[in-house]
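K.L.:
Coordinates only, no sequence provided:
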């Protein structure tokens with residue numbers, strides 16, 4: 001399991017409890033798509049809105065891909081802010 005602090009990537013226009021849903025959907029639709037529990041796999045992702053984190057239970061490889069995605073999304077936000 002790993003906890004990803006993603007408050008800065010949450011959808012600022014959405015209301016609780018859906019602020020992290022776009023990010024959750026992005027992760028599940030782009031990274032190891034068949035490995036998530038919704039597709040019958042063992043991976044679980046739980047958005048914890050009140051903490052601004054995603055709690056993920058997955059393989060090491062998938063965790064590395066999620067970490068890379070989070071870094072990339074932050075870089076894109078930085079570029080857009082300039």
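P.N.:
Alright, I've got the coordinates. Note that the structure is a prediction, hence the values are computed from the model and not measured.
K.L.:
C-alpha only now, for contacts and for neighbours.
P.N.:
OK.
K.L.:
what's the longest helix in the chain?
P.N.:
Taking DSSP state H as the criterion, the chain has its longest helix at helix 60-81.
K.L.:
what's the neighbour count on the residue nearest to residue 43 when sequence neighbours are not counted?
P.N.:
Spatial nearest neighbour of residue 43, excluding adjacent residues (Cα to Cα, 6 or more residues apart in numbering): residue 36 at 4.3 Å. Neighbour count for residue 36, taken as other Cα atoms under 10 Å: 19.
K.L.:
Also residue 52?
P.N.:
Neighbour count for residue 52, taken as other Cα under 10 Å: 17.
K.L.:
Would you list the phi and psi of the residue nearest to residue 43?
P.N.:
With angles defined as degrees, to the nearest 10, residue 36 sits at phi -90, psi 150.
K.L.:
cool, and residue 58?
P.N.:
In terms of degrees, to the nearest 10, the main-chain angles of residue 58 are phi -160, psi -180.
K.L.:
Now it: closest residue in space that isn't a chain neighbour?
P.N.:
Of all residues not flanking residue 58 in the chain, residue 43 sits nearest, at 4.8 Å (Cα to Cα, 6+ apart).
K.L.:
Now do the contacts for that neighbour.
P.N.:
Residues near residue 43 by Cα atoms under 8 Å, 6 or more residues apart in numbering: 35-37, 56-59.
K.L.:
Got a PyMOL select line for the buried ones in those?
P.N.:
Listed next is the PyMOL selection for buried residues among those, using 16 or more other Cα atoms under 10 Å:
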select buried, resi 35+36+56+57+58
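K.L.:
Mind putting the contacts of residue 43 into JSON lines with pLDDT and distance to residue 12?
P.N.:
Listed next are these as JSON lines, based on pLDDT from 0 to 100; distance: Cα to Cα, whole Å:
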{"residue": "35", "pLDDT": "97", "distance to residue 12": "28"}
{"residue": "36", "pLDDT": "97", "distance to residue 12": "26"}
{"residue": "37", "pLDDT": "95", "distance to residue 12": "27"}
{"residue": "56", "pLDDT": "98", "distance to residue 12": "22"}
{"residue": "57", "pLDDT": "98", "distance to residue 12": "26"}
{"residue": "58", "pLDDT": "98", "distance to residue 12": "27"}
{"residue": "59", "pLDDT": "97", "distance to residue 12": "30"}
